[in-house]
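Novice: got a structure for you, letters missing:
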């Protein structure tokens, strides 16, 4: 994911705000007609549709690729459920990725 670098959350509150911003961006993105790319929710409540990052492994967990592939062959309600499942899974993966970097278990 290219563009403006986003600061790495360093507290539980920052992880929550990052999660909330990315979720808001994903919700806004559902009104577009973009296809065959990854949908990224950004911490500043915006979104972008872009190709997956080329670096392996990626810095952050990657969202599902091509969420709009099935759009035309499904009922809208079923497609939205599919997008919600993939988006929620990605949001949790990003939040847990940041949370794992805190070093919980230390007596601080």
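Specialist: Received it, and whenever you're ready, just let me know what you need. Given the structure is predicted, the values throughout are model-derived calculations rather than measurements.

Novice: residue ranges for the helices of the chain, please.
Specialist: All helices of the chain, identified by DSSP state H, fall at 12-29, 76-100.

Novice: winner for burial among those helices?
Specialist: Ranked by mean neighbour count under mean count of other Cβ atoms under 10 Å, the helices of the chain are led by helix 12-29, which reaches a mean of 17. Bear in mind the C-beta positions are built from the backbone N, C-alpha and C, glycine included.

Novice: quick one: it to helix 76-100, angle?
Specialist: Orientation note: helix 12-29 sits at an angle of 160 degrees relative to helix 76-100 (axes from the mean of the first three to the mean of the last three Cα atoms, to 10 degrees).

Novice: sorry, back to before: make JSON lines from the helices of the chain and add distance to residue 64 to it.
Specialist: What follows is the helices of the chain, written out as JSON lines (distance: least, Cβ to Cβ, whole Å):
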{"stretch": "helix 12-29", "distance to residue 64": "11"}
{"stretch": "helix 76-100", "distance to residue 64": "4"}
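
Novice: CSV for these, including mean pLDDT and distance to residue 46?
Specialist: Converted to CSV, those look like this (pLDDT from 0 to 100; distance: least, Cβ to Cβ, whole Å):
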stretch, mean pLDDT, distance to residue 46
helix 12-29, 84, 5
helix 76-100, 85, 15
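
Novice: mind checking which of these is nearest residue 59?
Specialist: helix 76-100 (9.2 Å; Cβ to Cβ).

Novice: So what's the gap between the closest one and the chain middle?
Specialist: How far helix 76-100 lies from its chain's middle: 7 Å, per Cα atoms, centre = their mean, to the nearest Å.

Novice: Thanks a lot, see you next time.
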